[in-house]
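Q: Here is a sequence with its predicted model. Questions after.
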Amino acid sequence: MDDEYAKLIRRVNQPRVVIDNNACEDATVIQVDSVNKHGILLEVIQVLTDMNLTITKAYISSDGGWFMDVFNVVDNDGNKIRDKEVIDYIQRRIETSAGFVPSRRGSVGVMPSEEHTSIELAGTDRPGLLSEVCAVLADLHCNVVNAEIWTHNARAAAVVHVTDDSTGCAISDPKRLSTIKELLCNVLKGRDDLKTAKTMLSAPGVMHRERRLHQIMFADRDYERVERAGVRAVEEGSSRPQVTLLNIEKDYTVITMRSKDRPKLLFDIVCTLTDMQYVVFHGMVNTGRMEAYQEFYIRHVDGLPISSEAERVRVIQCLEAAIERRASEGLELELCTEDRLGLLSDITRIFRENSLCIKRALISTKGGKAKDTFYVTDVTGNPVDPKIIDSIRRQIGHTVLQVKHNFGLAPKPPHQETTVGYFFGNLFKARTFQNFKLIRSYS
């Protein structure tokens, strides 16, 4: 009965979105007012990040059953959002956002849909793993139409969408799906994988790809730090994100985070907190030229702050992992060419033969064209020799494979003098964002 009443309240009180280009000198301000529910903050942030908007500042408040957030956003070029069609689309998307499908768990899953078959992979990372996966798919006449691959802390995860090469549609034959799962599972196991790879047939549904990757890596416990012989360990010094937790007055756990700024950082953090069943009641985000500072007042969905040392350590580890998974590492290479069956297999084989290690990849096809982005290092995690890149580009084609950026180690964050955020000194005295003088009143 309570659940039905809550649904009625949400239907009656639809989200109210105000988008203002005059309230801030250098960003578009988006204010969202709505009845509060678990996950609504993530839904709003997902809408903004899916449109490739950068959140430069955010102010979050959801006490008393009401959700009121303010986001300062800019486009990829750092400009305000001026296009009226884009502004109207943002407003409609936020106001009608329906939330997410419940999470699915497993190491290897295959989900058929009308357009493509979705394959989920998780296993121990090793040089050449993506090349082996792509070779299996090519041999099975599966054309990769888009995919995203993450590696972190000796683990690898991928969500891959494939079609039947002969029909251009999803693969529906149960026997063939079973064969694909079995062969991919064998690849993931490798010789030294101490974790058993599992297979499963996922129920039909829609899942946000990046959120699913977070869930796959979280289920695979990539937040537990490991070191492997011959592989450069993640530095424990200044290049790593700084995450601190502190309980105040038995009401909230305060999380403060400092890290190198990057696109979709806020989405990754809120996604992890939501999937860990934590609720953000208050928060702020402030980004500078290179660094991002975030501060959240949270409780578990049961209404309690973090109470044990084991859980405190686990939350810190999971947030560090969320920040690091998508961090750009190594040399960014962009491939643009005509799509064909086996293209990804051929490209990743060339990378493997030249001792390149793929740390992250984003694969996409549109209108018969393939546009793929790879972040690569050598097999020890160090920068790639430029002579090797020149040799690979000669083999693939200089116009086909372009060098975009070379990402180094993150700069050392400034010294943090206090663990409790100075931005929220009078948080509980202020009841509206007008108290902060952040936005104009629209009432």
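A: Yep, it's here. In this text the structure is predicted, and so the values were computed from the model without any measurement.
Q: Three-state assignment for I45, please.
A: helix (DSSP: H, G, I helix; E, B strand; the rest coil).
Q: dump the residue contacts of the closest residue to it other than its chain neighbours.
A: Counting by C-beta to C-beta, 6 or more residues apart in numbering, F267 is the residue found nearest to I45 once chain neighbours are left out, at 5.1 Å. For glycine as for every other residue, the C-beta is placed from the backbone atoms N, C-alpha and C. Counting by C-beta atoms under 8 Å, 6 or more residues apart in numbering, F267 touches L42, I45, Q46, T49, E210.
Q: all helices of the stretch 151-300 of the chain, in order?
A: 174-189, 209-219, 265-275 (DSSP state H, counting those that start in this stretch).
Q: and N22, which of the ones you listed is closest to it?
A: For N22, the closest of those is helix 265-275, at 23.9 Å, according to C-beta to C-beta.
Q: okay, the angle between that closest one and helix 209-219?
A: Calculated by axes from the mean of the first three to the mean of the last three C-alpha atoms, to 10 degrees, helix 265-275 forms an angle of 50 degrees with helix 209-219.
Q: May I have helix 265-275 exported as PDB, CA atoms only?
A: Output of helix 265-275 as PDB, limited to C-alpha atoms (Å, rounded to 0.1, in the frame of the first residue of the first chain):
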ATOM      1  CA  LEU A 265      33.600  11.500 -13.000                       C
ATOM      2  CA  LEU A 266      30.400  12.400 -11.100                       C
ATOM      3  CA  PHE A 267      28.400   9.700 -12.900                       C
ATOM      4  CA  ASP A 268      30.900   7.100 -11.900                       C
ATOM      5  CA  ILE A 269      31.000   8.000  -8.200                       C
ATOM      6  CA  VAL A 270      27.200   8.400  -7.800                       C
ATOM      7  CA  CYS A 271      26.700   5.200  -9.800                       C
ATOM      8  CA  THR A 272      28.900   3.300  -7.300                       C
ATOM      9  CA  LEU A 273      27.200   4.800  -4.300                       C
ATOM     10  CA  THR A 274      23.700   4.000  -5.700                       C
ATOM     11  CA  ASP A 275      24.600   0.400  -6.500                       C
END
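Q: what residue ranges in the stretch 151-300 of the chain score low on pLDDT?
A: 191-207, 226-238 (pLDDT under 70).
Q: Tell me which stretches of it form strands.
A: For the stretch 151-300 of the chain, the strands defined by DSSP state E, counting those that start in this stretch occupy 155-164, 199-201, 242-248, 252-260, 278-287, 291-300.
Q: closest one to E25 among those strands?
A: Of all the strands of the stretch 151-300 of the chain, strand 278-287 comes closest under C-beta to C-beta, at 15.6 Å.
Q: Buried residues, that closest one. List them.
A: Neighbour-count burial for strand 278-287 flags Y278, V279, V280, F281, H282, G283, M284, V285, N286, T287 (criterion: 16 or more other C-beta atoms under 10 Å).
Q: With stretch 170-190 instead?
A: A170, I171, R176, L177, I180, K181, L184, C185, V187, L188.
Q: Without its sequence neighbours, what residue ends up closest to the third one?
A: Read that as R176. Counting by C-beta to C-beta, 6+ apart, the residue nearest R176 is L140, at 7.6 Å.
Q: Same question for the fifth one.
A: Closest residue in space to I180, ignoring its immediate chain neighbours: L140 at 5.9 Å, by C-beta to C-beta, 6+ apart.
Q: quick one: contacts for that neighbour?
A: Counted by C-beta under 8 Å, 6+ apart, L140 has contacts R176, T179, I180, L183.
Q: I'd like the distance between it and P15.
A: Here the criterion is C-beta to C-beta, to the nearest Å. By it, L140 lies 44 Å from P15.
Q: out of the helices of the stretch 151-300 of the chain, which comes closest to N72?
A: helix 265-275 (11.6 Å).
Q: how distant is that closest one from the center of its chain?
A: Offset of helix 265-275 from its chain centre (C-alpha atoms, centre = their mean, to the nearest Å): 8 Å.
Q: Likewise for stretch 128-142?
A: Offset of stretch 128-142 from its chain centre (C-alpha atoms, centre = their mean): 24 Å.
Q: and that stretch, what's its mean pLDDT?
A: Stretch 128-142 carries an average pLDDT of 95.
Q: Can you give me the buried ones in it?
A: If you call a residue buried by 16+ other C-beta under 10 Å, then stretch 128-142 has these buried ones: 128-138, 140, 142.
Q: related to what we said a few turns ago, would you mind saying which of the strands of the stretch 151-300 of the chain lies nearest I388?
A: That would be strand 155-164 among the strands of the stretch 151-300 of the chain, by C-beta to C-beta, at 22.2 Å.
Q: Kindly provide the distance from G190 to T124.
A: G190 is 6 Å from T124, by C-beta to C-beta.
Q: for P241, same thing?
A: P241 is 24 Å from T124, where distance means C-beta to C-beta.
Q: For the residue lying closest to P305 once chain neighbours are set aside, give me its contacts.
A: Distances taken as C-beta to C-beta, 6+ apart place T253 nearest to P305, at 4.1 Å, with adjacent residues excluded. Contacts of T253 were listed using C-beta under 8 Å, 6+ apart, and they are L245, L246, N247, Y297, I298, R299, P305, I306.
Q: so what's T253 bridging to?
A: N247, I298 (DSSP bridges).
Q: And I19, by the same measure?
A: Bridge pairing for I19 - DSSP bridges - gives I30.
Q: Quick one: neighbours of it, just the number.
A: Each residue near I19 was counted by other C-beta atoms under 10 Å, and the total is 19.
Q: Just to check, it is in contact with A27?
A: No: I19 is not in contact with A27 according to C-beta atoms under 8 Å; the separation is 11.3 Å.
Q: State the helix or strand in which R314 lies.
A: Using DSSP states H and E, R314 sits in helix 309-325.
Q: picking up where we left off before, got a winner among the contacts of T253 for most neighbours?
A: Compared across the contacts of T253, Y297 has the highest neighbour count, 25 neighbours, by other C-beta under 10 Å.
Q: Distance of that one relative to I306?
A: With C-beta to C-beta as the criterion, Y297 and I306 are 12 Å apart.
Q: Likewise for V29?
A: 32 Å.
Q: Kindly list the main-chain dihedrals of the residue nearest to R176?
A: Note on L140: its backbone torsions stand at phi -90, psi 10 [degrees, to the nearest 10].
Q: Any chance of JSON lines for the buried residues of stretch 128-142, columns secondary structure and distance to K366?
A: Listed next are the buried residues of stretch 128-142 as JSON lines, based on DSSP: H, G, I helix; E, B strand; the rest coil; distance: C-beta to C-beta, whole Å:
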{"residue": "G128", "secondary structure": "coil", "distance to K366": "28"}
{"residue": "L129", "secondary structure": "helix", "distance to K366": "26"}
{"residue": "L130", "secondary structure": "helix", "distance to K366": "21"}
{"residue": "S131", "secondary structure": "helix", "distance to K366": "24"}
{"residue": "E132", "secondary structure": "helix", "distance to K366": "26"}
{"residue": "V133", "secondary structure": "helix", "distance to K366": "22"}
{"residue": "C134", "secondary structure": "helix", "distance to K366": "19"}
{"residue": "A135", "secondary structure": "helix", "distance to K366": "24"}
{"residue": "V136", "secondary structure": "helix", "distance to K366": "24"}
{"residue": "L137", "secondary structure": "helix", "distance to K366": "19"}
{"residue": "A138", "secondary structure": "helix", "distance to K366": "20"}
{"residue": "L140", "secondary structure": "coil", "distance to K366": "23"}
{"residue": "C142", "secondary structure": "strand", "distance to K366": "18"}
